[in-house]
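Trainee: I would like to see how this sequence folds:
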Amino acid sequence: MRDFEVKKKTLSISGTDTGVEIRFGGDLRVIFNRKRGRDIQDELQDTVGDNVRITGDKLRFDLEFFKTFFLDCVKKIVHHINEICLNRRCPWPSAMILVGGFSDSPVIREAIVDAFPVIKDVVSPLDTSLAILKGSVIFGHEPAIVTGRVCRETLGLTLRRVYVPEGQAEKKTFKIDGQLRADKSFHKMFTINEIIKLEQTRTVAIQDLHTNKELRKHPKIIEVYASQDEDPKYITDAGCSLRGKITVNPPSKWPENAEGFIDMETGGTEIIVRYRDKHSGQITEETIDFM
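Mentor: Model prediction:
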């Protein structure tokens, strides 16, 4: 594996080498022969042809075949960069810093330079493998260094809104305390690809009628949902998923007309969901991780 890591970090797409050699333990060849009843070279010939050969104590890979180990990974990295800059309202950078062990490889650097000529400088710091860890430590000490994030999903709540015939399907309704309400509706708080600032808060006012005295003893359940759509209507829409919930217990019991506010506040990698009861002032808060 050490040889493989070294080759991965030195392999170049535009190089002149015709093959890559990696040390191969002789004991492994003996074990393979004993387990399979045939020589490993014959097995390689049947499966990959002349792309891999055993020469002494080394495996020799055809260069183009060896590159295929990384092409899918490189393609996905390039696609992800393209998606961020095109679809998430982020301007194209003039320079890019590559971190992580793979960033030492000329394969990834050359692929990014070829795919994005608008990026003039593509560089790697010293100790690229440790750069991510160092960055995490810095962020842990100075979380305010990241002032905003691009919202990767549409985030919202499921609310039992009063039924509005013009905007909601009648089949998705139910009655509570004699009032017709929309069931499983998605109330959007943050939109996918929106740039949201740290500690940004959005609030929605809610009102519940409790003419049934038994319901006044029941806790409120606030559910947080996420979707890849910009404007989902119901939590049952394709792609909607439950990300968390908080339970709000009544102060003693809910009044007949219970009013309050639900806040969603952006943290570093999480969303803080808070319920503020208008009558008692009671606050219930939970944190939902969105990493």
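
Trainee: low-confidence stretches in the stretch 1-150 of the chain?
Mentor: 1, 12-17, 87-89 (pLDDT under 70).

Trainee: ok, how many other residues are close to the closest residue to Asn33 other than its chain neighbours?
Mentor: Nearest non-adjacent residue to Asn33, counting by Cβ to Cβ, 6 or more residues apart in numbering: Asp39, 5.9 Å away. Just so you know, the C-beta spots here come from the backbone N, C-alpha and C atoms, and that holds for glycine as well. Neighbour count for Asp39, taken as other Cβ atoms under 10 Å: 13.

Trainee: ok, Asp39 - contacts?
Mentor: Applying Cβ atoms under 8 Å, 6 or more residues apart in numbering, we find Asp39 in contact with Arg29, Phe32, Asn33.

Trainee: what's the answer for Ala205, then?
Mentor: When contacts are counted by Cβ under 8 Å, 6+ apart, Ala205 touches Glu259, Gly260, Phe261.

Trainee: got it, and Val273?
Mentor: Ile222, Val224, Gly244, Ile246, Ile262, Asp263, Met264, Glu285, Glu286, Thr287, Ile288.

Trainee: nearest to Glu194 among those residues?
Mentor: Met264 (12.6 Å; Cβ to Cβ).

Trainee: which strand or helix spans that closest one?
Mentor: For Met264, the host element (DSSP states H and E) is strand 257-266.

Trainee: what's next to that strand, contact-wise?
Mentor: So strand 257-266 is in contact with 149, 155, 157, 189-190, 196-210, 222, 224, 271-279, going by Cβ under 8 Å, 6+ apart.

Trainee: of the residues you listed, buried ones?
Mentor: Buried subset of these (neighbour count, 16 or more other Cβ atoms under 10 Å): 149, 155, 157, 189-190, 196, 206, 208-210, 222, 224, 271, 273-277.

Trainee: in helices, which of the residues you listed appear?
Mentor: Using DSSP state H, no member of those falls in helices.

Trainee: quick one: residues in contact with the helix or strand hosting Asn33.
Mentor: Taking DSSP H and E as the criterion, Asn33 maps to helix 26-36. Here helix 26-36 makes contact (Cβ under 8 Å, 6+ apart) with Asp39, Ile40, Glu43, Ile54, Asp57.

Trainee: walk me through the domains of the protein.
Mentor: 2-11+21-61, 70-145, 150-289 (automatic domain parsing).

Trainee: deepest in the core, which of those domains is it.
Mentor: Compared across these, domain 150-289 shows the largest average neighbour count, a mean of 16 (mean count of other Cβ atoms under 10 Å).

Trainee: give me the distance between the two termini of that domain.
Mentor: 15 Å (Cα to Cα, to the nearest Å).

Trainee: mind listing the strands in the stretch 101-250 of the chain by residue range?
Mentor: 121-123, 148-150, 154-159, 173-176, 179-182, 185-190, 195-197, 201-209, 220-227, 241-248 (DSSP state E, counting those that start in this stretch).

Trainee: looking at these, which has the lowest confidence?
Mentor: Across the strands of the stretch 101-250 of the chain, strand 173-176 has the smallest mean pLDDT, namely a mean of 55.

Trainee: from memory Lys7 sits against Val20, does it?
Mentor: Yes: between Lys7 and Val20 there is a contact at 5.4 Å, judged by Cβ atoms under 8 Å.

Trainee: what sits in contact with each of the two?
Mentor: Phe66.

Trainee: ok, now which ones touch Thr128?
Mentor: Here Thr128 is in contact with Leu98, Val99, Gly100, Gly101, Ser103, Asp104 (criterion: Cβ under 8 Å, 6+ apart).

Trainee: and of those residues, the nearest to Ile138?
Mentor: Once Cβ to Cβ is applied, the member of these that ends up nearest Ile138 is Val99, at 12.5 Å.

Trainee: confirm for me that that closest one is in contact with Leu126.
Mentor: No: with contacts counted by Cβ under 8 Å, Val99 stays clear of Leu126, the gap being 10.8 Å.

Trainee: after the helix holding Asn33, next one along is what?
Mentor: helix 40-48.
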